[in-house]
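J.: Sequence first, then the predicted structure, then my questions.
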Amino acid sequence: LRLEQPQPRVALGLALRTLAHAAIDISDGLISDLGHVLARSYCGATIQLAALPHSRILAQQPESVQHMALLAGGDDYELCFTAPARVRHVIDALSVRLDLRLSRIGKIDQQPGLRLLDHENKYMATSRFTGFNHFPAT
């Protein structure tokens, strides 16, 4: 449904203008789109798989399908944003005001690259979760 009838998070985006350091829509997959932010910001991130929001239907799928959908699936048109810890309370209030679930999924850090922690807080490889590539090499 989101692919055919996306609901852009305009109110959230406008509210984040003074709060967020960076933001991007998740249209090509979390790993891919967050990777763009990290590359252009010259920083890295550690993401906790258990913190990623997912539906009950997805939770009923095999773990490999869940991981692929959560990390490389696209066309969600949700916003992924980074903000300093000091504004967490403001973002929590924004979530309530907009009646929109906002999830803290990880942490930005200085070490370049993207690290992914599984449900047991063990590092897992991100290389197989590439997301959609608009300009593949031919």
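T.: Structure received.
J.: rest of the way, CA atoms for contacts and neighbours
T.: Noted.
J.: ok, Leu102 touching Ser95?
T.: Yes: with contact defined as Cα atoms under 8 Å, Leu102 and Ser95 form a contacting pair (6.0 Å).
J.: residues in contact with Leu114?
T.: Gly35, Leu38, Gly44, Ala45, Thr46, Ile47, Thr126 (Cα atoms under 8 Å, 6 or more residues apart in numbering).
J.: Apply 6 Å and report the result again.
T.: Gly44, Ala45, Thr46 (Cα atoms under 6 Å, 6 or more residues apart in numbering).
J.: with those residues in mind, which one is nearest to Pro8?
T.: Within the contacts of Leu114, distances to Pro8 taken as Cα to Cα reach their minimum at Ala45, with 24.9 Å.
J.: How about the secondary structure of that closest one?
T.: Put simply, Ala45 is strand when judged by DSSP: H, G, I helix; E, B strand; the rest coil.
J.: That one bridge partners, please.
T.: Residues in a beta bridge with Ala45, per DSSP bridges, are Ile108, Leu114.
J.: count of neighbours near it?
T.: By other Cα atoms under 10 Å, 20 other residues sit near Ala45.
J.: What of Ile91?
T.: Ile91: 19 neighbours (other Cα under 10 Å).
J.: dump the residue contacts of Ile26.
T.: Listed by Cα under 6 Å, 6+ apart, the contact set of Ile26 reads Asp76, Tyr77, Glu78, Leu79.
J.: Please name the residues that touch the third one.
T.: So the one you mean is Glu78. If a contact means Cα under 6 Å, 6+ apart, then Glu78 has Asp25, Ile26 as its contacts.
J.: From Gln48, how far out is it?
T.: 18 Å (Cα to Cα, to the nearest Å).
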